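Visitor: this one's structure only:
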């Protein structure tokens, strides 16, 4: 910026000088023209004065030359004075600019010194940060090496454990395969065949009843499972049979068997591996001679029964029956309100009560024969056997008797599950 300012000042000075020279030239030219005019007038006067002599003319010329020289000297003197003034002003301006530049130079030196000190402090801080960064890099590299070594050791240990686990898994699979083969070849004794046949009937009965009452979602899988347990129990169902009719047939079969007195069925000693096998039993024989065949069938029916209990299908069936009874009572109450008892049990509920009571009688009989809760099982079998003989009349008009005994049956089933009788039968 300083060079540009100086160039601008020089250009301005040159322009001013040229203007002054041009003004001097104009004044000189005007003086020359004036002199020429005088000369012309004087020549005319000389021509008019034919009598003037050469000396006078020479003097006149000399005077004219002196006058011209005087004018020229005056003009040059004036120009020199103006030039001197201009140069003095330029010198003063240059001195002022020099002082300003000197002040700026001092200021720049102070700024440079401050920046140098600041850069030095920053350099020291950067040096410390660089040293700290290098130390952290070394620590990171050391930690990285340690972690890499630990990771490699962990991977090696994991590989060894995986190999060991794979070996154990292979051994377990082989053992399971051997157990499956052994289970498929394991033959059930006569008591277990009768027990699991009854459980197959129990599964079939509740699945058909739940599908009929829409207590569970009716799909192809549920229907197929219900038909399978029906065949396993030994009931031949036709295409015209409904879920309700099949459940009724299972009810009639199990209730009829439960009404029989104690030890009413002959045992099959050929199917038992024990030497001391009783000749009579309270459990009915299997209606399907080909099922259950082995321990695998027993596991399947046991799992199915526990799944039905876990899904609370029994409770859903009881609730659905009560809802259907109340719905029918509400639908007919406007017709004969004086003759409708909304709390009276329906035929389906009475069948449910009979089935549960028959199940209690048969399960306690199986517990007695398996020596589970000795004494208690004898007492419970006798009690439910007597109840079966007394309360199987479907034409009874005293509904209150049914209601009281239905409550007793619910308590009996709760006792059966609380004592884990069915689970203990499975473990024997």
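Guide: Structure received. These numbers were taken from a predicted model, which means no experiment stands behind them.
Visitor: may I see the buried residues of stretch 346-356?
Guide: Residues 348, 349, 350, 351, 352, 353, 354, 355, 356 are the ones in stretch 346-356 that count as buried (16 or more other C-beta atoms under 10 Å). The C-beta positions use only the backbone N, C-alpha and C, and glycine is treated the same way.
Visitor: which one among those gets closest to residue 141?
Guide: residue 356 (76.7 Å; C-beta to C-beta).
Visitor: quick one: contacts for the closest one?
Guide: For residue 356, the contact set (C-beta atoms under 8 Å, 6 or more residues apart in numbering) comprises 409, 410, 412, 413.
Visitor: where in the stretch 251-400 of the chain is pLDDT low?
Guide: Residue ranges of the stretch 251-400 of the chain with pLDDT under 70: 269-277, 333-344, 390-400.
Visitor: could I get the buried residues of stretch 346-356 as CSV with secondary structure and distance to residue 177?
Guide: Shown next, in CSV, are the buried residues of stretch 346-356 (DSSP: H, G, I helix; E, B strand; the rest coil; distance: C-beta to C-beta, whole Å):
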residue, secondary structure, distance to residue 177
348, helix, 46
349, helix, 48
350, helix, 49
351, helix, 45
352, helix, 43
353, helix, 46
354, helix, 45
355, helix, 40
356, helix, 40
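Visitor: quick one: which of the residues you listed is nearest residue 329?
Guide: Distance to residue 329, by C-beta to C-beta, is smallest for residue 349 among the buried residues of stretch 346-356, at 12.4 Å.
Visitor: pretty sure that closest one contacts residue 325?
Guide: Yes. Contact status for residue 349 versus residue 325: in contact at 6.5 Å, counting by C-beta atoms under 8 Å.
Visitor: just checking, residue 267 touches residue 281?
Guide: Yes. The criterion here is C-beta under 8 Å, and residue 267 meets it with residue 281 at 5.2 Å.
Visitor: okay, and the common contacts of the two?
Guide: 190, 191.
Visitor: show me what the helix or strand containing residue 306 is packed against.
Guide: Using DSSP states H and E, residue 306 sits in helix 295-310. Helices and strands touching helix 295-310, by 3 or more C-beta pairs under 8 Å, 6 or more residues apart in numbering; DSSP states H and E, are helix 54-185, helix 190-213, helix 220-233.
Visitor: how far does that helix sit from its chain's centre?
Guide: 37 Å (C-alpha atoms, centre = their mean, to the nearest Å).
Visitor: likewise for stretch 171-178?
Guide: 38 Å.
Visitor: what does it contact?
Guide: Counting by C-beta under 8 Å, 6+ apart, stretch 171-178 makes contact with no residue outside itself.
Visitor: before we move on, what about stretch 317-328?
Guide: 206, 209-210, 213-215, 342, 344-346, 348-349, 352.
Visitor: now with 7 Å, please.
Guide: By C-beta atoms under 7 Å, 6 or more residues apart in numbering, the surrounding residues in contact with stretch 317-328 are 206, 209, 210, 213, 215, 342, 346, 348, 349, 352.
Visitor: pull out the buried positions in it.
Guide: Buried residues in stretch 317-328 (16+ other C-beta under 10 Å): 317, 318, 320, 321, 325.
Visitor: CSV for the helices and strands packed on helix 295-310, including distance to residue 47?
Guide: Formatted as CSV, those follow (distance: least, C-beta to C-beta, whole Å):
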stretch, distance to residue 47
helix 54-185, 11
helix 190-213, 161
helix 220-233, 154
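Visitor: deepest in the core, which of those helices is it.
Guide: Among the helices and strands packed on helix 295-310, the stretch with the highest mean neighbour count (mean count of other C-beta atoms under 10 Å) is helix 190-213, at a mean of 25.
Visitor: now do it against helix 295-310, angle only.
Guide: Helix 190-213 runs at 40 degrees relative to helix 295-310, counting by axes from the mean of the first three to the mean of the last three C-alpha atoms, to 10 degrees.
Visitor: could I get the buried residues of stretch 346-356 as a markdown table with distance to residue 382?
Guide: Output for the buried residues of stretch 346-356, formatted as a markdown table (distance: C-beta to C-beta, whole Å):
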| residue | distance to residue 382 |
| --- | --- |
| 348 | 29 |
| 349 | 26 |
| 350 | 24 |
| 351 | 24 |
| 352 | 24 |
| 353 | 20 |
| 354 | 19 |
| 355 | 20 |
| 356 | 18 |
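Visitor: pick the one among these closest to residue 168.
Guide: Distances from residue 168 to the buried residues of stretch 346-356, taken as C-beta to C-beta, are shortest for residue 356 (46.0 Å).
Visitor: residue contacts, the residue nearest to residue 266 when sequence neighbours are not counted?
Guide: Spatial nearest neighbour of residue 266, chain neighbours left out: residue 280 (6.2 Å); criterion: C-beta to C-beta, 6 or more residues apart in numbering. By C-beta under 7 Å, 6+ apart, the contact set of residue 280 is 263, 265, 266, 267.
Visitor: when you check the residues you listed against the strands, which ones overlap?
Guide: 265, 266 (DSSP state E).
Visitor: and for the closest residue to residue 419 other than its chain neighbours, the neighbour number?
Guide: Spatial nearest neighbour of residue 419, chain neighbours left out: residue 373 (6.8 Å); criterion: C-beta to C-beta, 6+ apart. Residues lying near residue 373 (other C-beta atoms under 10 Å) number 16.
Visitor: what of residue 48?
Guide: 9.
Visitor: gap between it and residue 67?
Guide: Residue 48 is 22 Å from residue 67, where distance means C-beta to C-beta, to the nearest Å.
Visitor: looking at this, residue 217 is in a strand?
Guide: No. Using DSSP: H, G, I helix; E, B strand; the rest coil, the assignment for residue 217 is coil, not a strand.
Visitor: separation between it and residue 311?
Guide: Here residue 217 is placed at a distance of 11 Å from residue 311 (C-beta to C-beta).
Visitor: which one's more surrounded, these two?
Guide: Higher neighbour count among residue 217 and residue 311: residue 311, with 14 against 9, using other C-beta under 10 Å.
Visitor: follow-up on the earlier one: which two of the contacts of residue 356 have the greatest separation?
Guide: The farthest-apart pair in the contacts of residue 356, when distances are taken by C-beta to C-beta, is 410 and 412, at 7.3 Å.
Visitor: ok, those two, which is more surrounded?
Guide: Using other C-beta under 10 Å as the criterion, residue 410 and residue 412 rank with residue 412 on top: 22 against 13.
Visitor: report the angle between the helix or strand containing the more buried one and helix 295-310.
Guide: Assigned by DSSP H and E, residue 412 belongs to helix 399-418. Inter-element angle recorded for helix 399-418 and helix 295-310: 120 degrees (by the same axes, to 10 degrees).
Visitor: what residues of helix 399-418 count as buried?
Guide: 402, 405, 406, 408, 409, 412, 413, 416.
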